[in-house]
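Student: Next input, structure requested:
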Amino acid sequence: MPRPGIELVRDLIARFFNGHNPDLAPEFFAPDFRWHGGSVGTVHGIDAYTAAMRQFFAGLPDAEAIEQDAAQDGDTVTMRFVVQGTHTGALWGIAPSGNRVVWDVIMIYHLSDGTIVEQWAAEDWIAFLHAIGVFTPPWAE
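Tutor: Predicted coordinates for the structure are as follows:
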């Protein structure tokens, strides 16, 4: 039975993301799912996305997304989160810093027949990279 969009995404965040359980991907995503990650690229297919999330959780094993806002228009759900975690594992070739990180995220999910078929991510990677000590923006003191 298809679940309403916001309920589906909240369940995804609770069990898949905050639960660090990429094995649940088939429960939420269509097999040909596409994830558009902006500056970190696009991932096609549920297997590639699951592998990317395993790498992400290895770098931030305590990552947690905290919902700030949610809206739905037809088959599109938009959510704003604050994501936090501790960079204790290698991530994207960046050695663990041990630093606590907090950054803002906006996700847009496109649904079809009760599953997520496409997702767009807008994340504050400058805040993330600054927090782990690999980039200092010119406005930072």
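Student: From here on, just use CA atoms for contacts and neighbour counts.
Tutor: Fine.
Student: Distance across stretch 63-80, terminal residue to terminal residue?
Tutor: 16 Å (Cα to Cα, to the nearest Å).
Student: try stretch 54-63
Tutor: First-to-last distance for stretch 54-63 - Cα to Cα - comes to 12 Å.
Student: what's the answer for stretch 55-68, then?
Tutor: 25 Å.
Student: May I see the buried residues of it?
Tutor: Gln55, Phe56, Phe57, Ala58, Gly59, Leu60, Pro61, Asp62, Ala63, Glu64, Ala65, Ile66 (16 or more other Cα atoms under 10 Å).
Student: quick one, what contacts the nearest residue to the fourth one once chain neighbours are set aside?
Tutor: Computed as Cα to Cα, 6 or more residues apart in numbering, the closest residue to Ala58 that is not its neighbour in sequence is Gly89, at 5.7 Å. By Cα atoms under 8 Å, 6 or more residues apart in numbering, the contact list for Gly89 reads Ala58, Gly59, Leu60, Pro61, Ala95, Pro96.
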